[in-house]
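Enquirer: Sharing a model that was predicted from the sequence below.
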Amino acid sequence: MTAIELINIHLGYPNGNQVFAGAELTVAKGEILGVLGASGAGKSTLLRLIAGLQHPHAGTVKIAGEIADDEGRYHMPPHRRDCTMVFQDAQLFPHRSVAGNVAYGLEAARVPAAQRRRRVAEVLEMVDIAELADRAITELSGGQAQRVALARCLVIRPSVILFDEPLSALDRGLRQRLAVDIRELLKRTGTSAIYVTHDPAEATTVADRIAVVEHGQIQDLGPVPELDVSKLSESVASLLGGLGEVSGVVTAVSDDSTTIEIVDRLVVLPGRQGVVGDTVTVNLSR
Ligand SMILES: Nc1ncnc2c1ncn2[C@@H]1O[C@H](COP(=O)(O)OP(=O)(O)OP(=O)(O)O)[C@@H](O)[C@H]1O
């Protein structure tokens, strides 16, 4: 079963902005897809479409095997879709505590109180903020608030989590740490995800596979370890150009390629670039 399937999606805004024209996308169960694209390309629209906040005029959307949109004739309401969304600003309820925010979805689903408390405690532990359970939302840092937002999603155990630039308001060091944690949590819980970001380094840290939204289409660039910047078109390569210089450890060298471990990911680059065990700085722009 696939987590997300988009077939021949057409979507435009009433003012004539045509965002998708025949877009296709498949995300496998348990897979994390990183989505890059220029500003205005349609990344947020893609997530809103899957969440059911925006309707395609034509095409089919399937979430966890279930039809969510069908050729403009049927639209499943957002609350019935097996997915949740994490936004750039955590969008927490200011009048509830951390635990109260995380419990919200379980209350809505009428989960009994004792079970609710257990699941909230479990997920707060998982995202590493157990000690913040009673804290007011106004007293959280940006990074803590995003951990709460993630806990609020994970607690209801959706098949898919949609991330819309969740870390872009945070500084670079924190972003890298949280990106690693988000990947680990998604993998541990077997949750599928689409992760939209402006930051290619963040995308390759979190995702298994990268896609680019461009010209009304979703272009699948393939698995992160096999990303080959030299084979990409100019416009796509320039999006990835933001990777700039990153350092990693060489784990394998052959005659025509070098494998470098960057954070917990493997990136294969053409050509020989040092010997195994070296710490190297590579420029992942074109
Ligand atoms: N409500 C709307 N009405 C009309 N056009 C819209 C609306 N929302 C978005 N658009 C247009 O649709 C296109 C896609 O917007 P979207 O927000 O999905 O892009 P994005 O890739 O997420 O951009 P960014 O990286 O800047 O957030 C843009 O051209 C935008 O101007």
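Expert: Nice, I can see it.
Enquirer: make it CA atoms for all contacts and neighbour counts henceforth
Expert: OK.
Enquirer: Contact residues of the protein facing the ligand?
Expert: Remark: the part of the chain in contact with the ligand comprises 13, 15, 17, 19, 37-45, using Cα under 6 Å from any ligand atom.
Enquirer: Which ones among these lie within strands?
Expert: The strands in this structure, assigned by DSSP state E, contain Val19, Gly37 from the residues of the chain next to the ligand.
Enquirer: would you list every one of the helices in the stretch 1-150 of the chain?
Expert: Per DSSP state H, counting those that start in this stretch, the stretch 1-150 of the chain has helices spanning 43-51, 98-108, 113-126, 142-154. These are given in chain order.
Enquirer: Put together TSV for those, with mean neighbour count and mean pLDDT on each row.
Expert: Compiled in TSV, those are given as follows (neighbours: other Cα atoms under 10 Å; pLDDT from 0 to 100):
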stretch	mean neighbour count	mean pLDDT
helix 43-51	22	97
helix 98-108	21	96
helix 113-126	16	96
helix 142-154	23	94
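Enquirer: tell me, how many neighbours does the closest residue to the ligand within the stretch 101-250 of the chain end up with?
Expert: Nearest residue of the stretch 101-250 of the chain to the ligand: His198, at 6.8 Å (Cα to the nearest ligand atom). Here the neighbour count serves as a burial measure; for His198 (other Cα atoms under 10 Å) it reads 20.
Enquirer: For Asp164, see how far away the closest residue to it other than its chain neighbours is.
Expert: Counting by Cα to Cα, 6 or more residues apart in numbering, the nearest residue to His198 once its immediate chain neighbours are dropped is Leu36, at 6.1 Å. From Leu36 across to Asp164, the span is 11 Å (Cα to Cα, to the nearest Å).
Enquirer: what is in contact with the two at once?
Expert: Counting by Cα atoms under 8 Å, 6 or more residues apart in numbering, the contacts common to Leu36 and Asp164 are Val196, Thr197.
Enquirer: so the residue of the chain most remote from its centre, which of the three states?
Expert: Within the chain, Asp255 marks the point farthest from the mean C-alpha position, 34.6 Å out by Cα atoms, centre = their mean. Assigned by DSSP: H, G, I helix; E, B strand; the rest coil, the conformation of Asp255 is coil.
Enquirer: Backbone torsions only: list them for it.
Expert: In this entry, Asp255 is assigned phi and psi values of phi -60, psi -30 (degrees, to the nearest 10).
Enquirer: Please report how far it lies from Thr279.
Expert: For Asp255, the distance to Thr279 (Cα to Cα) stands at 19 Å.
Enquirer: Same check on Ser254?
Expert: Shown here: Ser254 relative to Thr279, a distance of 17 Å by Cα to Cα.
Enquirer: pLDDT score for Ser257?
Expert: At Ser257 the predicted local distance difference test score is 72.
Enquirer: so it bridges to which residues?
Expert: Pro270 (DSSP bridges).
Enquirer: In terms of secondary structure, what does the helix ranked longest in the chain contact?
Expert: Among the segments of the chain that qualify as a helix by DSSP state H, the longest is helix 172-189. In terms of contact count using 3 or more Cα pairs under 8 Å, 6 or more residues apart in numbering; DSSP states H and E, helix 172-189 is assigned the packing partners helix 200-206.
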